[in-house]
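A.B. asks: For reference, the sequence and a predicted model appear below.
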Amino acid sequence: MVKVRFAPSPTGYLHIGGARTCLFNWLYVRRLGGKFVLRIEDTDIERSKKEFLDEILESIKWLGLDWDEIHYQSQRFQLYHDYAQKLIDEGKAYKKEGAVFFKYQFSEIKIDDLVRGKIVFTELPKPEEVIIKSDNSPTYNFSCVVDDYLMGINCVIRGEDHISNTPKQILMYKALGFKIPQFAHLPLILSAAGGRLSKRFGATSIREYRDDGYLAEALLNYLLLLGWSPGDNREIISLEEAKKIFDIKKVNKTGAAFSVDKLNWVNSEYIKSKSITDLAKIAAGYLRSKNFLPPDVDTRYIERVVELFKERISKLSDLMAWARFCFYDDYAYGEDAKKVLEKNLNRQVQVLMERFSSMDSFDKDTIEKEFRDVARSLSLKARDLVHPVRVSLTGEKVGPGLFETIEVLGKKRVLKRLERLCKYWAGSKE
RNA sequence: GACCCCAUCGUCUAGCUUGGUUUAGGACAUCGCCCUUUCACGGCGACGGCGCCGGUUCAAAUCCGGCUGGGGUCGCCA
């Protein structure tokens, strides 16, 4: 049975690269029906923090991934000591200055990597390596080898930054008499500038993307595309589908630059594919977490607003930027938008308000019919009335279709806002 | 510096394993046109690439070598 592991260190949040490694491990093992081990590498007592651990676990769950086993290295120190002692007893390691040093018995190392093929190491930078620090905690390479063996990990899928650790670990496997697992080194995710992905180039933690209104499925889908493709030009692939067709041998060797533009596109595709009710539920949860919604707003209204914006947002946070007028009356006319109000149409808008007032059914088709009729009767082009009215109702000169907007806002609100527009005109010198 | 990895449009990629079916396909971004009350969406189109040199071959994006460029690692961090 195939067994893989994802081994984050709780010294920081789950970042883009870690999430991708986690995803590829998960896809690989779920397709083969094996076991997925989550191993928390919290051997660095100083830097490991509970908040990071919680954050990592929460992010993995949010993404929709799961694990079969979870282990904490901080609870396994005795095991590492036992194996270190074994090496000492066999003369393969020795104590010095309170630490245990492992002596490499170097010979040319060949790795047959699942994604990169053959990799050959002809030398090692150092003749020995600390495996147990003087504070009794194990070093990464050692605990990693002991645990991968003890946990039955037979395929190690990790980032390319670990390639140079691999020969060291293989030498430890050999010294310990452990069977060497298969390796698959994933290409790194680079920043848009092509360099290392770091805070300087924008968001790196999964949490930030969640906060920014990205959907878990979309982020996962985008990550899936970074270094892998199904080969048939499809780009929108659900996790379920990916589980069936993911092939680690088709993973690219080249580092991939992270593109927010493309992520936005994938996210907008997922948003558009959701039903109004589902999307409204997600959006409401998101907006509430941001304290954006007024406390008394009802579900049906949120659904209508979501419907209004569904086609034009690429992430949920766009709603906060663009749909504020749907929930609050206290917006000001944008500086740019005021230009649309230069011509005083006070009288014409009064006529429109009278017409709206007398309407029984306030649906968008009727609204449009009446609106155009009023414009015609006043010898105005519809667009001459449309633009000022939009600014009046939304504060901005761009936005969703006007008639739909009017319907969603409702007659009462619309009349109030048009009233405000007339006051604006009355107050400004002609 | 040493060791290792990588190299197709600006970006993500298909094609490369098994050389000819490729005037190198798709997507994002950009630009244009259409749709249209605006912005989006959608439709159509444009722009744009096999890093360089050499070799093998009748034939190379595909195989080989070198160069150049990019990346990673060299911690009692993981």
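C.D. replies: Cool, got the structure. All values reported here derive from a predicted model rather than from experimental measurement.

A.B. asks: Check A:Lys35 and give its pLDDT.
C.D. replies: For A:Lys35, the pLDDT comes out at 98.

A.B. asks: who does it bridge with?
C.D. replies: With DSSP bridges as the criterion, A:Lys35 is bridged to A:Lys3.

A.B. asks: With the one 4 residues further on instead?
C.D. replies: Applying DSSP bridges to A:Arg39 gives these bridge partners: A:His71.

A.B. asks: Would you enumerate the residues in contact with it?
C.D. replies: When contacts are counted by CB atoms under 8 Å, 6 or more residues apart in numbering, A:Arg39 touches A:5-7, A:70-73, A:147, A:151. All C-beta spots, glycine's among them, are computed from the backbone N, C-alpha and C.

A.B. asks: filter the residues you listed down to the ones close to RNA strand B.
C.D. replies: Checking those against RNA strand B by CB under 7 Å from any atom of the strand, the ones in range are A:Ala7.

A.B. asks: which among the contacts of A:Arg39 end up buried?
C.D. replies: A:5-7, A:71, A:73, A:147, A:151 (16 or more other CB atoms under 10 Å).

A.B. asks: Among those, which are located in helices?
C.D. replies: The members of the buried ones among the contacts of A:Arg39 that map onto helices under DSSP state H are A:Asp147.

A.B. asks: wait, is A:Phe183 part of a strand?
C.D. replies: Yes: A:Phe183: assigned to a strand according to DSSP: H, G, I helix; E, B strand; the rest coil.

A.B. asks: Hmm, A:Leu114 and it touching each other?
C.D. replies: Yes: counting by CB atoms under 8 Å, A:Phe183 touches A:Leu114, with 6.8 Å between them.

A.B. asks: Can you check which residues contact both of those two?
C.D. replies: Jointly contacting A:Phe183 and A:Leu114 under the rule CB under 8 Å, 6+ apart are A:155, A:157.

A.B. asks: neighbour count winner among those two?
C.D. replies: Using other CB atoms under 10 Å as the criterion, A:Phe183 and A:Leu114 rank with A:Phe183 on top: 21 against 18.

A.B. asks: and the more buried one, what does it touch?
C.D. replies: By CB under 8 Å, 6+ apart, the contact list for A:Phe183 reads A:111-114, A:155-158, A:166.

A.B. asks: got a winner among those residues for most neighbours?
C.D. replies: Most surrounded of the contacts of A:Phe183: other CB under 10 Å gives A:Ile157, at 25 neighbours.

A.B. asks: rewinding a little: could you export the contacts of A:Arg39 as JSON lines, including pLDDT?
C.D. replies: Formatted as JSON lines, the contacts of A:Arg39 follow (pLDDT from 0 to 100):
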{"residue": "A:Arg5", "pLDDT": "98"}
{"residue": "A:Phe6", "pLDDT": "98"}
{"residue": "A:Ala7", "pLDDT": "98"}
{"residue": "A:Ile70", "pLDDT": "98"}
{"residue": "A:His71", "pLDDT": "98"}
{"residue": "A:Tyr72", "pLDDT": "98"}
{"residue": "A:Gln73", "pLDDT": "98"}
{"residue": "A:Asp147", "pLDDT": "98"}
{"residue": "A:Met151", "pLDDT": "98"}
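
A.B. asks: So which of the contacts of A:Arg39 is the closest to A:Ile245?
C.D. replies: Closest approach between these and A:Ile245, by CB to CB: A:Phe6, at 20.6 Å.

A.B. asks: ok, that closest one touching A:Lys35?
C.D. replies: No: with contact defined as CB under 8 Å, A:Phe6 does not reach A:Lys35; the gap is 11.9 Å.

A.B. asks: Show me where the stretch 101-250 of chain A has its helices.
C.D. replies: Using DSSP state H, counting those that start in this stretch, the helices of the stretch 101-250 of chain A run over A:140-150, A:166-176, A:206-211, A:216-225, A:239-245.

A.B. asks: now the stretch 301-430 of chain A
C.D. replies: All helices of the stretch 301-430 of chain A, identified by DSSP H, counting those that start in this stretch, fall at A:317-322, A:324-327, A:335-338, A:346-357, A:364-377, A:382-394, A:402-409, A:411-427.

A.B. asks: for the longest one, which positions count as buried?
C.D. replies: Which is helix A:411-427. Across helix A:411-427, burial judged by 16+ other CB under 10 Å covers A:414-415, A:417-418, A:421-422, A:424-425.

A.B. asks: Of those, which is the nearest to A:Glu129?
C.D. replies: A:Arg417 (71.1 Å).

A.B. asks: tell me the contacts of that closest one?
C.D. replies: Applying CB under 8 Å, 6+ apart, the residues near A:Arg417 are A:329, A:392-393, A:409.

A.B. asks: how about 10 Å then?
C.D. replies: Under the criterion of CB atoms under 10 Å, 6 or more residues apart in numbering, the neighbours of A:Arg417 are A:325, A:329, A:331, A:389, A:391-395, A:406, A:409.

A.B. asks: Roughly how far does it sit from A:Met353?
C.D. replies: 10 Å (CB to CB, to the nearest Å).
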